[in-house]
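J.: task: produce atomic coordinates for the following.
(2 chains)
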2 protein chains.
Amino acid sequence: METDSKVQTLIWDGRSLMLIDQRKLPFIKEYVICDTYEKVAVAIKDMVVRGAPAIGVSAAYGAAIAGMQYEGVSKKDFTRFFEKAVSFLAASRPTAVNLSWALKKMKEVFIKYEHLGIEAIKKKLIDEAKLMESEDISINKKIGENGTHAFKNFKGKVKILTHCNAGALATAGYGTALGVIRSLALIDKIKHVVVDETRPYLQGARLTAWELYQEKIPFFIITDNMAAYMMSKGEVDGVVVGADRIASNGDSANKIGTLGLSILASYYRIPFFIAAPISTIDMNIESGTEIPIEERDGREVREVMGKKIISDEMPVRNPSFDVSPAENITAIITEKKVILPPFKENIRKLF
Amino acid sequence: METDSKVQTLIWDGRSLMLIDQRKLPFIKEYVICDTYEKVAVAIKDMVVRGAPAIGVSAAYGAAIAGMQYEGVSKKDFTRFFEKAVSFLAASRPTAVNLSWALKKMKEVFIKYEHLGIEAIKKKLIDEAKLMESEDISINKKIGENGTHAFKNFKGKVKILTHCNAGALATAGYGTALGVIRSLALIDKIKHVVVDETRPYLQGARLTAWELYQEKIPFFIITDNMAAYMMSKGEVDGVVVGADRIASNGDSANKIGTLGLSILASYYRIPFFIAAPISTIDMNIESGTEIPIEERDGREVREVMGKKIISDEMPVRNPSFDVSPAENITAIITEKKVILPPFKENIRKLF
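T.: Numbers count the residues shown, from 1 in each chain, chains lettered A, B, ... in the order given. Okay, here's the model as predicted:
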């Protein structure tokens, strides 16, 4: 699938799914070739691929590959084989919402075309996975385009700060927050991107920087605690980040550190944008206080790319996300439109 | 020198200066034995010892050791030898203000007692270095004590967040910000200390955590970008940090990341304290904008304890300090008193 971006997170070659190994980036650029659904599941489990949309599309291809793996002629056997494969894939990262959503869609396709022959069903599964991939990229491009409108009042080039990786690597391609940056770069409107390294897992320093480097978009990396300094020195005109979940009042959960950035941006009166697909908005949740924050294994804090920096007897904490309150958010850039405050009303209108 | 703290940054045994090797902490506890002034200079240069007051006192002992190294009988030769040694020591970290200040004091002592015999002068030099060490510790203990007054209105135990290392390791002993924490712990008023890891050099994760661990003061380490989350969850009652330089209006320069903390604390209405000796206040400077910010070698950002995380072709920035505006500072805790706003007037009264 052509993504117009130089970063190919996943490549479907008609038989296998090739996933860029995000654990090794940026030092080693290596693809993991998954020609069985089991290999796709292991790749998801071992974090070869990360980012909710990227995981979803990978799982869909995993289900399509499962179809291709069946060599028998009994449709009953085929169904059983497919269902087993889907369960196996679903167990690879049980908490990832996009994963179960994508697999549910694949099961629906299977059921919808169950009256067809085995080979025809196999083809429908592949078509659906490809459709999910291209739809994700289309959504991101639309987010990118809408993002340029959010910056249309800026005279000249803009200096953007971003956190974590909401890029091509986290999606089927193009990215959400990085999609906005890519679209701004296409119209030559980027002065530079300030990239937070994003401890503990360094998605900024390792992945976002690598994407920008491939795209030849100017940038520099800072440690997370340098963001306030950069804002105070006029190095940031706007903050653009992704989101994992958005409450119906606009409160947005994203990678740990985003909350702090939203407060700093507000202090310096710098616009703070969330870039995310509509599907990120959870209308069942009234405010951010209802979003549970996962505390992950302390080992991520104790280590930096495998190097131990804190010994085991020292206590650490590792909340993985935080919630930026709607009051600090200038706008939410979606594929449908740029949502402005008051978010509660304007989000409801959209649904 | 008895410091009442379990961390001995420097030990004078009557002949040699033993410096704990801060590059290897917390994984290896090793002292570098300096029995010549050249060895002291190398230890300062190679960052075995860091922190302005600790460097100053080490240099003073270096000058005293130089005196002891002279084995001749000519006072003229002795003077020449001593002056050469002092210049050598001064060149070890040319930008460190405390280093030249301490060496200037040692030279004054030499001149003051030049009329005495060589052995008597040697003794005076040692006495002066010991005095500087004990005075630094006394000042820090006074800061600690005054710090407890700053928290006297808190009912029950307090949760303190600190950044970098303004501890025993950065001083002759006891510490400034960590001195306040030690004094609060002595009266059983610490619930826990939230320790910022403090990228790029990890002084928090490596040094502050290690000091607290020795002292059995409860703490946990976070990555710098988790501070806002901890504040939002009620895990922080007050922030206490050190300072490298304080302008006459109260603006305070400290390790990169402190500015962001001051803004976050202000947002959450959490008291934000600077703990520093009076000598840190620079009456020649009207505001923080006059404090030059050193940008250090990008290698510190590219590496974590020797592990390369960012390749050389990726641009990085590495400002080492930032300036917290006086408006975000609740009080400046010094050895003389706790200075409250308006800082400009109240600092002037003190001088």
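J.: as a check, name the ranges of all helices in the stretch 101-250 of chain A.
T.: Here the stretch 101-250 of chain A has its helices, by DSSP state H, counting those that start in this stretch, at A:118-150, A:177-186, A:203, A:209-215, A:227-232.
J.: contact partners of the fourth one?
T.: The list of residues contacting helix A:209-215 from outside it, by C-beta atoms under 8 Å, 6 or more residues apart in numbering or on different chains, reads A:5-7, A:25-26, A:165, A:167-169, A:175, A:178, A:181-182, A:185, A:193, A:195, A:218-219, A:221, B:310, B:313-314. C-beta coordinates here come from the backbone N, C-alpha and C atoms, glycine included.
J.: from what I see, A:Ala90 and A:Leu103 are in contact.
T.: Yes. Look at A:Ala90 against A:Leu103 with C-beta atoms under 8 Å: they come within range, at 5.4 Å.
J.: list the residues that contact both of the two?
T.: With C-beta under 8 Å, 6+ apart as the test, A:Ala90 and A:Leu103 both reach A:Ala59.
J.: mind listing what A:Leu202 touches?
T.: Going by C-beta under 8 Å, 6+ apart, A:Leu202 touches A:304-305, B:309.
J.: surely A:Val323 is in a helix?
T.: No. Using DSSP: H, G, I helix; E, B strand; the rest coil, the secondary structure at A:Val323 is strand, not a helix.
J.: quickly list what it is bridged to.
T.: For A:Val323, the beta-bridge partners are A:Ala253 (DSSP bridges).
J.: I figured it hits A:Ala253, correct?
T.: Yes. With contact defined as C-beta under 8 Å, A:Val323 counts as touching A:Ala253 (4.9 Å).
J.: skipping adjacent residues, who's closest to the residue of the stretch 251-351 of chain A found nearest chain B in space?
T.: With C-beta to the nearest C-beta as the measure, A:Gly257 is the residue of the stretch 251-351 of chain A nearest to chain B, at 2.9 Å. Among residues not flanking A:Gly257 along the chain, B:Asn225 sits closest, at 2.9 Å (C-beta to C-beta, 6 or more residues apart in numbering or on different chains).
J.: now swap in A:Asp244 and tell me
T.: Nearest residue to A:Asp244, sequence neighbours excluded (C-beta to C-beta, 6+ apart): A:Ala253, at 5.0 Å.
J.: let me see the backbone angles for whichever residue of the stretch 51-200 of chain A sits closest to chain B.
T.: Nearest residue of the stretch 51-200 of chain A to chain B (C-beta to the nearest C-beta) works out as A:Arg199 at 3.9 Å. Main-chain torsions, A:Arg199, degrees, to the nearest 10: phi -70, psi 150.
J.: what number of residues lie near the residue nearest to it when sequence neighbours are not counted?
T.: Sequence neighbours aside, B:Thr223 is the residue nearest to A:Arg199 in space, at 3.9 Å (criterion: C-beta to C-beta, 6+ apart). Around B:Thr223 there are 29 other residues, counting by other C-beta atoms under 10 Å in any protein chain shown.
J.: what sits against B:Thr223?
T.: Contact partners of B:Thr223, counting by C-beta under 8 Å, 6+ apart, are A:199-200, A:224, A:256-257, A:301, B:196-197, B:199.
J.: tell me the pLDDT of the residue nearest to A:Glu335 when sequence neighbours are not counted.
T.: Using C-beta to C-beta, 6+ apart and skipping residues adjacent in sequence, the residue nearest A:Glu335 is A:Lys142, 3.9 Å away. The model reports A:Lys142 with a pLDDT of 98.
J.: same thing with A:Asp4?
T.: In this model, A:Asp4 is scored at 53, pLDDT.
J.: A:Ala52 now?
T.: 82.
J.: dump the residue contacts of the residue lying closest to it once chain neighbours are set aside.
T.: By the measure of C-beta to C-beta, 6+ apart, the closest residue to A:Ala52 outside its immediate chain neighbours is A:Asn98, 4.1 Å from it. Contact analysis of A:Asn98 by C-beta under 8 Å, 6+ apart lists A:52-53, A:55-56, A:59.
J.: try it again at 7 Å.
T.: Shown in contact with A:Asn98 (C-beta atoms under 7 Å, 6 or more residues apart in numbering or on different chains): A:52-53, A:55-56.
J.: which strands or helices does the longest strand anywhere in chain A pack on?
T.: For chain A, the strand reaching the highest residue count under DSSP state E is reported as strand A:190-196. When contacts are defined as 3 or more C-beta pairs under 7 Å, 6 or more residues apart in numbering or on different chains; DSSP states H and E, strand A:190-196 sits against strand A:158-162, helix A:177-186, helix A:209-215, strand A:219-222.
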